[in-house]
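[1] Got a sequence here, can you model it:
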Amino acid sequence: MTEQSPKQIAIIGGGPAGLIAAERLSAHGHGVTVYERMPTLGRKFLMAGRGGLNLTHSDDRDAFMARYREASGWMSSWLEVFTPADLCAWAESLDQATFVGSSGRVFPQAMKASPLLRAWIARLKAQGVQFRMRHQWTGWGESGELLFNTPDGDVVIDKPDAVLLALGGASWPKLGSDGGWAELLRARGVEVEDLAAANCGAQIAWSEIMKSRFAGQPLKTIAISLNGETVRGEAMISEYGLEGGAVYALSTPIRKALATGYPVTATIDLRPNHRIAEVTERIASAKKGQSLANTLRKAGLSPQAIGLLRESGSLPTEPADLARRIKATPVTITGQTGLDRAISSAGGIARDGLDIGLMIKALPGVFVAGEMIDWEAPTGGYLLQACFSTGVAAARGIEVWMGLQTKAAESSSEALSAESSPDEADPDNTSGATH
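    Numbers count the residues shown, from 1 in each chain. As a prediction, this is how the structure comes out:
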């Protein structure tokens, strides 16, 4: 990258995307100020680490990219700017060694976000990054300046050389990302797809018995299928339906199916590691007179799995038919949980509205990173990886753009200088006028 004079950059949003961009830009000598509406940094990052901070995933490249569904093609150029290997190396540079779990997910050995975040903030402060907490961005002034409100009611104005928006999507609004930026950008001619819940629970109208007896119980080792997609994993029964990794991974097809207005029926394989013939044999081998519940338990079903099976209606008596029901238990999905309970959100700034450096085409000098962009991915490290990667890509884009702006200004200055200098071919021209 060519040398350029230090610039002043405003980053709005103190999550992973904004902070990694701040790190890269400040390391190159630029003045960086991070504005955050909450009293502390990285609140969603800390929440994500409560059960073990899943930084990224060890999938091979093709499998990894495929996790971003329709966005995988155009997201790949930004994901490759800062890869999973780069993310692990970065964590280790902060003395947070990583390891790959049995599921292929990558975690810091501390299994927490707080040690990494503390070390990260210390590095940023050492690099001169300034933080302005409790600053609510409210848009732009008449001259293009950034406007912020503080708890004291003051309006803070900043007019930097470049701006990075890293305000997150609209999930977990209590932690700072409420999607309020969408209308601010639409008012400036930016195309923003509606924000919707992703990685969220599925609503199912359970019977009172199901809710009272099994809410809070896990369904282990299952496979959920909908419209040709199948996800293996676990789920948790809740009063409103199902949640958990296997359900979250199907958020996109569930949302699309619900949008049609027709009933949405998924099937759950309660014994995915066994063929129908094996399940049939176990059922057929039950002793005569044995209760159905005991037969199902001996077929390997937990009490909660049996409860789910009974929710599907009257059970077949023939072993083969019952085995088929176990392998494809139907559940009718009536809706999805909202953004207040979702892990992430879909929608955001449309890809066509961004250039390769993640600058918003309608707003020169304004860049974007993280969940504000219209992409989605399942849990498992893919969400955080994309936030980090787009943050690094945006930082690069900012430097390239500022370099081009500097060159343009220098060229313009040279042209003006040449126009205003005396014409060496005309010794009588001493006024500086041009012909």
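[2] Any regions of this structure where pLDDT drops low?
    Scanning the chain for pLDDT under 70 picks out the ranges 1-4, 408-435.
[3] center of it - which residue?
    By C-alpha atoms, centre = their mean, the mean C-alpha position of the chain lies nearest to residue 383, the distance being 3.8 Å.
[4] Next up, the contacts around that one.
    By C-beta atoms under 8 Å, 6 or more residues apart in numbering, the contact set of residue 383 is 199, 343, 344, 371, 377. C-beta here means a position set from N, CA and C on the backbone, and glycine is covered the same way.
[5] Can you redo those residues as a markdown table, where the extra columns are neighbour count, secondary structure and distance to residue 104?
    Below are those laid out as a markdown table (neighbours: other C-beta atoms under 10 Å; DSSP: H, G, I helix; E, B strand; the rest coil; distance: C-beta to C-beta, whole Å):
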| residue | neighbour count | secondary structure | distance to residue 104 |
| --- | --- | --- | --- |
| 199 | 25 | coil | 18 |
| 343 | 21 | coil | 19 |
| 344 | 29 | strand | 19 |
| 371 | 32 | helix | 23 |
| 377 | 26 | coil | 15 |
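[6] Count residues in the vicinity of residue 72, would you?
    Neighbourhood size, residue 72 [other C-beta atoms under 10 Å]: 16.
[7] again, but for the one 10 residues further on
    Counted with other C-beta under 10 Å, residues neighbouring residue 82 total 22.
[8] May I have the phi/psi pair for it?
    Backbone torsions of residue 82, given as degrees, to the nearest 10, read phi -140, psi 100.
[9] Just give the closest residue to residue 101, not the sequence neighbours.
    If the residues on either side of it in the chain are set aside, residue 101 comes closest to residue 107, at 6.0 Å by C-beta to C-beta, 6 or more residues apart in numbering.
[10] what packs against the helix or strand containing the one you found?
    Assigned by DSSP states H and E, residue 107 belongs to strand 105-108. Helices and strands touching strand 105-108, by 3 or more C-beta pairs under 8 Å, 6 or more residues apart in numbering; DSSP states H and E, are strand 56-57, helix 84-93, strand 98-100.
[11] wait, which of these is closest to residue 139?
    Nearest of the helices and strands packed on strand 105-108 to residue 139, taken as C-beta to C-beta: helix 84-93 at 32.6 Å.
[12] Could I get the buried residue list for that closest one?
    84, 86, 87, 88, 90, 91 (16 or more other C-beta atoms under 10 Å).
[13] Residue 205: which of these is nearest?
    Nearest member of the buried residues of helix 84-93 to residue 205, counting by C-beta to C-beta, is residue 84, at 40.0 Å.
[14] Do I have it right that that closest one meets residue 57?
    Yes - between residue 84 and residue 57 there is a contact under C-beta atoms under 8 Å: 6.6 Å.
[15] any residues in contact with both of the two?
    Listed as contacting both residue 84 and residue 57 by C-beta under 8 Å, 6+ apart are 64, 106, 381, 385.
[16] Spell out the secondary structure type for residue 395.
    Using DSSP: H, G, I helix; E, B strand; the rest coil, the structure places residue 395 in helix.
[17] I should have written residue 222 there, sorry.
    Here residue 222 is strand, with the state taken from three-state DSSP.
[18] and the nearest residue to it once chain neighbours are set aside, backbone torsions?
    Distances taken as C-beta to C-beta, 6+ apart put residue 268 closest to residue 222, at 5.5 Å, once the chain neighbours are dropped. The phi and psi values for residue 268, taken as degrees, to the nearest 10, are phi -120, psi 120.
[19] now residue 268: how far from residue 24?
    Noted for residue 268: a distance of 45 Å to residue 24, by C-beta to C-beta, to the nearest Å.
[20] quick one, domains of the chain?
    Listed by automatic domain parsing, the domain ranges of the chain are 8-198+342-408, 202-336.
[21] Pick the most deeply packed of the ones you listed.
    Most buried of the domains of the chain by mean neighbour count (mean count of other C-beta atoms under 10 Å) is domain 8-198+342-408; its value is a mean of 19.
[22] can the shared contacts of residue 84 and residue 57 go into a markdown table with extra columns for secondary structure and distance to residue 317?
    A markdown table is the format used below for the shared contacts of residue 84 and residue 57 (DSSP: H, G, I helix; E, B strand; the rest coil; distance: C-beta to C-beta, whole Å):
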| residue | secondary structure | distance to residue 317 |
| --- | --- | --- |
| 64 | helix | 46 |
| 106 | strand | 48 |
| 381 | coil | 45 |
| 385 | helix | 50 |
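[23] farthest-separated two in the residues you listed?
    64 and 106 (11.3 Å).
[24] residues shared between the contacts of those two?
    Counting by C-beta under 8 Å, 6+ apart, the residues touching both residue 64 and residue 106 are 57, 84.
[25] hmm, back to that, columns distance to residue 19 on top of the shared contacts of residue 84 and residue 57, output as CSV?
    Formatted as CSV, these follow (distance: C-beta to C-beta, whole Å):
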residue, distance to residue 19
64, 23
106, 19
381, 18
385, 15
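[26] thinking residue 378 is in contact with residue 249, fair?
    Yes - contact criterion C-beta under 8 Å: residue 378 and residue 249 qualify, at 4.3 Å.
[27] For residue 54, which residues are in contact?
    Residue 54 makes contacts with 48, 105, 106, 107, 379, 380, 381, 384, as judged by C-beta under 8 Å, 6+ apart.
[28] Pick the one among those residues closest to residue 280.
    Closest approach between the contacts of residue 54 and residue 280, by C-beta to C-beta: residue 380, at 33.7 Å.
[29] tell me the secondary structure for that closest one?
    Applying three-state DSSP: residue 380 is coil.
[30] was I right about it contacting residue 233?
    No - using C-beta under 8 Å, residue 380 is not in contact with residue 233, being 9.7 Å away.
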